[in-house]
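*Asks:* prediction below, plus the sequence it came from.
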Amino acid sequence: MNVLRLLGRGVAPAMFCAPLPAGVAVAAEFPLGAGNLAPEAVQLAQITSVSELTDVLPSDWAFQALQSLVENYGCIQGYPDRTFRGQRSLTRFEFAAGLNACLDVIAALIAQTGINPDDLATIRRLQEEFQAELATLRGRVDALEAETATLRAQQFSTTTKLRGEVATHLGVPLDTFEVVNAAGNTLVRETSTSVASRARLVFDSSFTGRDRLRIRLQARSGNFLTPFNGLDRGGAGDYNVEMDNLFYSFPLGNRITVTAAARGRAGNDWVTSTIVPYHGRSVADAGKPQFYNTGASSSNGAGLGINFNLTDSIALDLGYTASNPGATNPAVGLFAAQGQSYIAQLNFLPDGFFRAAVTYMHNDRSNIFAINNLGTQAAPGATDTFAGLLSLNFGNFFVAGHGAYQTFNGGNDFSWSAGLGFNDLLVPGAQLGIYGTQLPQLAGRSDNPFLVEGYYDFPLNRFISLTPAIVYGDAKFVGGGATTDNTGLYGIMRATMRF
């Protein structure tokens, strides 16, 4: 009856029962790494005493039952390292093989000596006692199998997962910004409450378990903080749907991943990490190190990226992007586009508190602009960028930042960011952060804009998060033959819904 006691507790180890013929292997633990199509087979070891199992102690609740199964029925096997692994889930294959082995032993005992009347009475009593529970369990299993069959028949895809995100911003000017309009010479003043939204649908497909084909559809409209590169999840578009991401990633061996992109990969899209923890949590796009955006290759670029995991903590990222190749002249092709950018980033990403990266970027055509002696903008042509990024994580508290030095025809430029924050503050998954940044000098500017943001990003549940933020910015703009100072303060609330 010890077998029944084991099953009655609802726990059964991998090798619950089994004398198997020589050379027969039973599935052991399943590696969950991508690409594994079948369980690993392990030859089990027959034992003659429960004391041979190194991870089974006399104090364990099932010790006596295991002892009886070994010594009275010869119905237990262990792993080659003499462990039983009693806390591991039992597979249906293991259960069937083990149960069959024990039933064979019981059948042989019945044929030799018959059934003990006391044991038979106990079996009948247990059968009657648990009859209702067994019927309920049978019904639940039948219902689960029917539901599983329905899900399989109606599933969206066997290879593709669909995810969605909607981000909506409400911005209230606590002071006023003056910005340059689309013509580049008329200043308009932001004085009213603004709304900006972005919706995305992401289709991620995998054909081997280790690769990924991504197609991302996006519609957005509205943006503010325009003197400071706008919102992290905003942008113009009048809610026209576009495919802003199309790429395919696949592994070469265990440490190399290759990504081929037709659209939507540029700058930081090629790198393993931008290091600074406030990127992705901040409301302003300036939370991302902005030197990644100063290249000629826009987000619609096509290109190729390679990620090398040199060690478990060191990764080298390489990427090439051509800006809209062949849009006006198909003969131009991928490697002769007017705007081309190259990026190389070496990342140090250990499990400890210290993370860092160094980056080099080259852009054949830049959107950085210098102010010449006549007070007008001068396009510098090609740009080279040298940057360093650093993050120190002290548990729930972090300090992070970056510095970027850029050279071009007619001068150089330096931009930076520095910030700190607290993770899991008040709510698990929340982040309180504040950072300051000096942005690169871009078209229309006569200096490097400066921005400070404080935000608190916290989840309401697993699907919805809110991010209130205060943003202060200061920038100078060239327009209408004059340079205008712009200083302003914004209060912003962002709601993000994921499904």
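*Replies:* Good, I have the coordinates. Numbering: from 1, shown residues only.
*Asks:* wasn't Tyr239 part of a strand?
*Replies:* No - assessed with DSSP: H, G, I helix; E, B strand; the rest coil, Tyr239 is coil; it does not lie in a strand.
*Asks:* so how far is Thr407 from it?
*Replies:* Per CB to CB, to the nearest Å, Tyr239 is found 40 Å from Thr407. C-beta here means a position set from N, CA and C on the backbone, and glycine is covered the same way.
*Asks:* neighbour-wise, which of those two wins?
*Replies:* Thr407 (15 against 12; other CB atoms under 10 Å).
*Asks:* which strand residues bridge that one?
*Replies:* As for beta bridges, Thr407 partners with Asp384, Asn412 under DSSP bridges.
*Asks:* ok, now the one 10 residues further on?
*Replies:* Note on Ser417: beta-bridge partners by DSSP bridges are His402, Thr437.
*Asks:* sketch out the low-pLDDT regions of the stretch 301-450 of the chain for me.
*Replies:* Scanning the stretch 301-450 of the chain for pLDDT under 70 picks out 324-338, 365-381, 410, 442-446.
*Asks:* and Asn229, backbone torsions?
*Replies:* Backbone torsions of Asn229, given as degrees, to the nearest 10, read phi 70, psi 10.
*Asks:* please begin residue numbering at 5 from this point
*Replies:* In the new count, where the first residue is 5, that last one comes out as Asn233.
*Asks:* hang on, it packs against Ala290?
*Replies:* Yes - Asn233 is within contact range of Ala290, at 5.7 Å (criterion: CB atoms under 8 Å).
*Asks:* identify the contacts common to the two.
*Replies:* Leu443 (CB atoms under 8 Å, 6 or more residues apart in numbering).
*Asks:* out of these two, which sits in the more crowded spot?
*Replies:* Between Asn233 and Ala290, Ala290 has the larger neighbour count (other CB under 10 Å), namely 31 against 20.
*Asks:* show me this protein divided up by domain.
*Replies:* If you go by automatic domain parsing, the domain ranges for the chain are 6-118, 168-502.
*Asks:* need the ones you listed in JSON lines with distance to Gln158, can you?
*Replies:* As requested, the domains of the chain are exported to JSON lines (distance: least, CB to CB, whole Å):
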{"stretch": "domain 6-118", "distance to Gln158": "25"}
{"stretch": "domain 168-502", "distance to Gln158": "18"}
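*Asks:* give me whichever of these is most buried.
*Replies:* Most buried of the domains of the chain, by mean neighbour count (mean count of other CB atoms under 10 Å): domain 168-502, with a mean of 18.
*Asks:* and that domain, how far out from the chain middle?
*Replies:* Centroid displacement of domain 168-502 relative to its chain, using CA atoms, centre = their mean, to the nearest Å, is 17 Å.
*Asks:* tell me the residue in the protein that is farthest from the middle.
*Replies:* The C-alpha centroid of the chain is most remote from Thr117, which lies 61.9 Å away (CA atoms, centre = their mean).
*Asks:* just the helices in the protein please.
*Replies:* 6-12, 67-75, 96-117, 121-133, 135-158 (DSSP state H).
*Asks:* tell me, which of these is the model least confident about?
*Replies:* Least confident of those, judged by mean pLDDT, is helix 6-12 with a mean of 41.
*Asks:* ok, Asn351 - contacts?
*Replies:* With contacts defined as CB under 8 Å, 6+ apart, Asn351 is in contact with Val275, Thr276, Ser277, Ile279, Ile318, Ala319, Leu320, Asp321, Arg359, Ala360, Ala361.
*Asks:* show me what it bridges to in the sheet.
*Replies:* Ala319, Ala361.
*Asks:* how far away is it from Ala360?
*Replies:* Where Ala360 is concerned, Asn351 sits at a distance of 8 Å (CB to CB).
*Asks:* which residues do these two both contact?
*Replies:* Common neighbours of Asn351 and Ala360 (CB under 8 Å, 6+ apart) are Ile279.
*Asks:* that older thread, would you list the contacts of Asn351 in TSV and tack on distance to Gly309?
*Replies:* TSV is the format used below for these (distance: CB to CB, whole Å):
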residue	distance to Gly309
Val275	9
Thr276	10
Ser277	14
Ile279	18
Ile318	17
Ala319	12
Leu320	11
Asp321	7
Arg359	20
Ala360	21
Ala361	15
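*Asks:* which of those sits closest to Thr162?
*Replies:* Thr276 (29.3 Å; CB to CB).
*Asks:* the closest one touches Leu350, doesn't it?
*Replies:* No - Thr276 lies out of contact with Leu350 (CB under 8 Å); the separation is 9.9 Å.
*Asks:* list residues touching both of those two?
*Replies:* What both Thr276 and Leu350 touch, as defined by CB under 8 Å, 6+ apart, is the set Ala319, Asp321.
*Asks:* among the domains of the chain, which is nearest Phe134?
*Replies:* domain 6-118 (8.3 Å).
*Asks:* bridged to Leu393, which residues?
*Replies:* On the basis of DSSP bridges, Leu393 is bridged to Ala361, His406.
*Asks:* check the one 4 residues further on too.
*Replies:* Taking DSSP bridges, one obtains Phe402 as the residues bridged to Asn397.
*Asks:* list the contacts of it.
*Replies:* Applying CB under 8 Å, 6+ apart, the residues near Asn397 are Pro281, Phe357, Phe358, Arg359.
*Asks:* please tell me how far the last one sits from Ser196.
*Replies:* Put plainly, it is Arg359. The gap separating Arg359 from Ser196 is 41 Å, by CB to CB.
*Asks:* again with Thr363
*Replies:* 39 Å.
*Asks:* just Glu457 next, same as before
*Replies:* Counting by CB to CB, the gap from Glu457 to Ser196 is 21 Å.
*Asks:* and for Asp428?
*Replies:* 36 Å.
*Asks:* so where is the stretch 155-304 of the chain shaky, pLDDT-wise?
*Replies:* Ranges of the stretch 155-304 of the chain meeting pLDDT under 70: 179-195, 299-304.
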